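Chemist: curious how this folds, go ahead:
(one chain, ligands or ions: 1)
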Amino acid sequence: MSKKRLIIIGSGMTGITLASNLDPEKFEIQILDKGRGVGGRMASKTIFVDNKEFRYDYGAQFFTVRSKEFGDQVSEWEMKKLVKVWCNGFENNDGHNRYMSTNGMRDLLGNISSGLKIQQNQKVAKIEYFDDYWRLGASRANFESELLVITTPLPQCVELLKTIPTFDHHDSLDEIKKIEYKKCIALIMTMGSESNFDPPGAYQMMDQDWDFVSDNKIKGISPNTCVTAHASNALSERLWNDDEAKIKDQLVDKIKNRFNIKPEHSFLHKWLYAQSKKNLEGYFKKMNSYNNSLFIAGEVFGGSKIEGAYLSGYHLAKYMNNQY
Ligand SMILES: Cc1cc2nc3c(=O)[nH]c(=O)nc-3n(C[C@H](O)[C@H](O)[C@H](O)COP(=O)(O)OP(=O)(O)OC[C@H]3O[C@@H](n4cnc5c(N)ncnc54)[C@H](O)[C@@H]3O)c2cc1C
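Modeler: Numbers count the residues shown, from 1 in each chain. A predicted model of the protein is given here:
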């Protein structure tokens, strides 16, 4: 039996989980992603400022486990020392584990994706369907496959679907188009001295200005002190269109007053689609047209967080392994 060629758009948790759980005897898998590295919204970076090294998570900060499927996987990662328990709550200990990746969130996906065929810096801009195969126009090449899975945030997915010249508008996208996403502006600050944060080094604030503020050194991923602060959706919306210098000044002022810290250098990252505001039923969507060869997956199907992304990829792989 010849293998089915499958393209997965997106090398985040959904895409990597899907590819890792598909039967390699049945599928020849190519992952394409527009980003420079794997991870998507599980994003970490190392920088050097004044000859000092700083490492920080600037997308997802931690994850929780509720399902058995994800729990089994996390136990395996824990044994391999890819993840560990960060704490049992940020201000209060509620007994539930909050996990972190031992060397930054992106590292987890870097580790578990080794061996997969991934091309980064390949932004898919056009999709065509020719009766029994897909052709994708990406930044540096064209790709063809019999099966296609899109794992991007839904608004980006809708834009991609609209490029299909034969796009079947009867294929209902109504529920997908209704899903809105929270914006998040991440402020990263390097510091010459320690922060005065209490262990475990982070505050899950969820107030009108801030969602989460974390000292990456106390967290254990940075050799020197740097703080990641996620502005709330409300504050991010308010500042979004200002110029970057102005956004930075306003955010740094707010955080300095709140935490009595002294940032030396600061950087921004703007997440247009940080987390979906609502979830969709099921773990993935199979489109009715195109001979059942097009699937949409992602965090939005399993709960707008890392576990949701994992469950979406995992269950789609199970379905496809049975189906083909
Ligand atoms: C600021 C922030 C804080 C968060 N905090 C938490 C948290 O604490 N805990 C938690 O559990 N979750 C958190 N999340 C959510 C979590 O990060 C996501 O739910 C999860 O990582 C989504 O994974 P995914 O694979 O579904 O999507 P993504 O990670 O977004 O992956 C999709 C990929 O598609 C790629 N892509 C998009 N368009 C194209 C294109 N045209 N061509 C090629 N590639 C394309 C993108 O580059 C991306 O890599 C947070 C997210 C953000 C942004």
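
Chemist: only C-alpha atoms for contact and neighbour calcs from this point on.
Modeler: Fine.

Chemist: which positions in the chain make contact with the ligand?
Modeler: 9-15, 32-35, 39-42, 59-63, 122-125, 151-153, 156, 184, 271, 274-275, 298-299, 304-307, 309 (CA under 6 Å from any ligand atom).

Chemist: are any of these buried, and which?
Modeler: Among the residues of the chain next to the ligand, the ones that count as buried by 16 or more other CA atoms under 10 Å are 9-15, 32-35, 39-42, 59-63, 122-124, 151-153, 184, 271, 274-275, 298-299, 304-307, 309.

Chemist: mind checking which of those residues land in strands?
Modeler: Among these, DSSP state E puts Ile9, Leu32, Cys184, Trp271, Ala274, Gln275 in strands.

Chemist: nearest to the ligand, of those?
Modeler: Ala274 (3.5 Å; CA to the nearest ligand atom).

Chemist: quick one: contacts for the closest one?
Modeler: Ala274 makes contact with Arg41, Gly59, Tyr181, Lys182, Lys183, Cys184, according to CA atoms under 8 Å, 6 or more residues apart in numbering.

Chemist: quick check: it vs His230, distance?
Modeler: Between Ala274 and His230 the computed distance is 10 Å (CA to CA, to the nearest Å).

Chemist: between those two, what contacts are shared?
Modeler: In contact with both Ala274 and His230: Cys184, using CA under 8 Å, 6+ apart.

Chemist: what residues sit buried inside stretch 219-230?
Modeler: Neighbour-count burial for stretch 219-230 [16+ other CA under 10 Å]: Lys219, Gly220, Ile221, Ser222, Asn224, Thr225, Cys226, Val227, Thr228, Ala229, His230.

Chemist: output that stretch as PDB - backbone C-alpha positions only.
Modeler: Below are the C-alpha coordinates for stretch 219-230, written out as PDB (Å, rounded to 0.1, in the frame of the first residue of the first chain):
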ATOM      1  CA  LYS A 219      11.400  30.100  37.000                       C
ATOM      2  CA  GLY A 220      14.700  28.500  36.300                       C
ATOM      3  CA  ILE A 221      15.200  29.100  32.500                       C
ATOM      4  CA  SER A 222      17.300  32.300  32.400                       C
ATOM      5  CA  PRO A 223      20.900  32.700  33.900                       C
ATOM      6  CA  ASN A 224      20.100  36.400  34.500                       C
ATOM      7  CA  THR A 225      17.000  38.300  35.600                       C
ATOM      8  CA  CYS A 226      14.400  39.000  33.000                       C
ATOM      9  CA  VAL A 227      10.700  39.500  33.400                       C
ATOM     10  CA  THR A 228       7.900  38.600  31.000                       C
ATOM     11  CA  ALA A 229       4.700  40.600  31.500                       C
ATOM     12  CA  HIS A 230       1.500  39.800  29.500                       C
END
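
Chemist: avg pLDDT for that stretch?
Modeler: Averaged across stretch 219-230, the pLDDT comes to 98.

Chemist: kindly report the same for stretch 300-318.
Modeler: Mean predicted confidence for stretch 300-318 is 95.

Chemist: same question for stretch 242-262.
Modeler: Stretch 242-262 comes out at a mean pLDDT of 94.

Chemist: thought Pro165 was touching Glu128?
Modeler: Yes: using CA atoms under 8 Å, Pro165 is in contact with Glu128, at 6.5 Å.

Chemist: the two - which one has more neighbours?
Modeler: For Pro165 versus Glu128, neighbours defined as other CA atoms under 10 Å are more numerous around Glu128 (17 against 11).

Chemist: whatever helix or strand the more buried one lives in - contacts with which helices or strands?
Modeler: In this structure, Glu128 sits in strand 126-129 according to DSSP states H and E. For strand 126-129, the packing partners by 3 or more CA pairs under 8 Å, 6 or more residues apart in numbering; DSSP states H and E come out as strand 134-137, helix 154-162.

Chemist: which of these sits most buried?
Modeler: strand 134-137 (a mean of 19; mean count of other CA atoms under 10 Å).

Chemist: just checking: what are the partner strands of that strand?
Modeler: Strand 134-137 sits in its sheet next to strand 126-129 (antiparallel), strand 142-145 (antiparallel), going by DSSP bridges.

Chemist: is it true that Gly95 touches Thr64?
Modeler: No: counting by CA under 8 Å, Gly95 sits too far from Thr64 to count as a contact (11.5 Å).

Chemist: so for these two, which residue has more residues nearby?
Modeler: For Gly95 versus Thr64, neighbours defined as other CA under 10 Å are more numerous around Thr64 (18 against 9).

Chemist: in a strand, Asp211, correct?
Modeler: Yes: secondary structure of Asp211 (DSSP: H, G, I helix; E, B strand; the rest coil): part of a strand.

Chemist: list the contacts of stretch 316-324.
Modeler: Leu18, Ala19, Asn21, Leu22, Asp23, Lys26, Tyr283, Phe284, Ala297.

Chemist: can you pull the contacts of the last one?
Modeler: What it means is Ala297. Contacts of Ala297 by CA under 8 Å, 6+ apart are Thr14, Val149, Ile150, Thr151, Thr152, Tyr283, Phe284, Lys285, Ser312, Gly313, Leu316.

Chemist: least reliable of the helices and strands packed on strand 126-129 going by mean pLDDT?
Modeler: What stands lowest among the helices and strands packed on strand 126-129, in mean pLDDT terms, is helix 154-162, with a mean of 94.
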